[in-house]
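*Asks:* Return a 3D structure for these sequence lines:
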Amino acid sequence: MNKWILLIHQIAQDSPNLRVKIWRNLKKHGAVLFKNAVYMLPLTNEHEETMQWLCSQIKEGGSDASLFITESLDKEQDEEIIKTFQDVCNKEYLDLIDSCNNLLKKIEQAENTEGITDKSSNTLNRELNEITKGVGDIAKIDFFHASQNENVFNKIHLMQQKLNRWSRTTEKGITTTNKVYKAKDFLNKKWVTRKDIFIDRLASAWLIKRFIDPKARFVFSSKDKKPGDAIPFDMYGSEFTHHGEDCTFETLIKVFDLNDPALQSIAEIVHDIDLKDSKYGRKEAEGVTQIVTGLSQKLRDDNKLLEKGLEIFDALYQCYSSNTEGGN
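*Replies:* Alright, predicted model coming up:
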């Protein structure tokens, strides 16, 4: 059974500012009001410190508060408490799903009327960034993976794909990938991509680290900013990004002339996950998606996710390399 930390408080009627302050902090940290009686959080060291601090704030404000640590008596009670947390997050996610639907309508309307313009792309990207930030704030307190989590992230991913295609189409000077580069010209470099990496950026970073620049250092940018001393990939206006029907991972394979059957197998999986077009029909795509999604939700840190991602793609490469050798 799970353990919980409970805050029971009674704030004086003449302290409305304190009441609002405490309520906002409880909401910020993901505490829920259970059965209209007590505020609860899953018991962790961090949550215990938070509740102790709030308890002190209430007492210093001249009101009363107490903390308790308890454990569910049975599975049903545990599930009821967990559902309370999930319901709160689902309500927040549904509000953002409405925002996603409204933004998606704007994107589709722009596609069908004014066409692709830099102004449209910039405006819509700003709106999407606001939604993404909101979802990220909820995800931080989504302790029990509410059911609407995946729905809202799927909608965001769909809009990101649409807007990324706009960026690739409107960017001047970006041509198809007929160039071939040599890895020796890209050694000991700093590489930059957008933060909150998922399958294509994660796999591309692995490919860079293992086959192009073994001492590569990675920077994750909150916006489409390209530091002067860093090589961008899977970013607006970069050479190493989507081209035609290719995702960034496929682009890197082509421009660095990496002729390896094992890499091609991985590229097909990454393509099917990232572009969702089932071009290759790789059955492994669903499993890899679940693994990367689970890790991103658990770690919530791009550097830590990359560290684990390197191991995942090392294992995939070993598997497909072994299959290729066996076939020979």
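*Asks:* mind listing what's buried in the helix or strand hosting Asn101?
*Replies:* Assigned by DSSP states H and E, Asn101 belongs to helix 75-112. Residues 81-82, 85-86, 88-90, 92-93, 96-97, 99-100, 103-104, 107, 110 are the ones in helix 75-112 that count as buried (16 or more other Cβ atoms under 10 Å). Every residue, glycine included, has its C-beta placed from N, CA and C.
*Asks:* Tell me the first helix or strand C-terminal of that helix.
*Replies:* Taking DSSP H and E, what comes next after helix 75-112 is helix 118-140.
*Asks:* Could I get the buried residue list for that following helix?
*Replies:* 120-121, 124-125, 127-128, 131-132, 134-135, 138-139.
*Asks:* Which single one of these is nearest to Glu245?
*Replies:* Among those, Ser121 lies closest to Glu245 (Cβ to Cβ), at 20.5 Å.
*Asks:* Check the closest one and give its pLDDT.
*Replies:* As predicted, Ser121 sits at a pLDDT of 74.
*Asks:* gap between it and Leu104?
*Replies:* 15 Å (Cβ to Cβ, to the nearest Å).
*Asks:* now Glu268
*Replies:* In terms of Cβ to Cβ, Glu268 sits 28 Å off from Leu104.
*Asks:* Could you do Ile156 as well?
*Replies:* Counting by Cβ to Cβ, the gap from Ile156 to Leu104 is 10 Å.
*Asks:* Equivalent analysis for Leu163, please.
*Replies:* 11 Å.
*Asks:* what kind of secondary structure is Leu7 in?
*Replies:* Following DSSP: H, G, I helix; E, B strand; the rest coil, we place Leu7 in the strand state.
*Asks:* That one pairs with what?
*Replies:* Tyr39, Leu67 (DSSP bridges).
*Asks:* From what I see, it and Leu54 are in contact.
*Replies:* Yes. With contact defined as Cβ atoms under 8 Å, Leu7 reaches Leu54; the gap is 6.5 Å.
*Asks:* Quickly list what's touching both of these two.
*Replies:* 26, 65 (Cβ atoms under 8 Å, 6 or more residues apart in numbering).
*Asks:* Let me know how buried Glu245 is, in neighbour terms.
*Replies:* 10 (other Cβ atoms under 10 Å).
*Asks:* Ramachandran angles for it?
*Replies:* phi -90, psi 0 (degrees, to the nearest 10).
*Asks:* what residues are up against the nearest residue to Asp78 once chain neighbours are set aside?
*Replies:* Once flanking residues are discounted, Asp78 sits nearest to Ser72: 4.0 Å by Cβ to Cβ, 6 or more residues apart in numbering. With contacts defined as Cβ under 8 Å, 6+ apart, Ser72 is in contact with 1-2, 4, 78, 81.
*Asks:* Could I get the phi/psi values of Ser72?
*Replies:* According to degrees, to the nearest 10, Ser72 has phi -60, psi 140.
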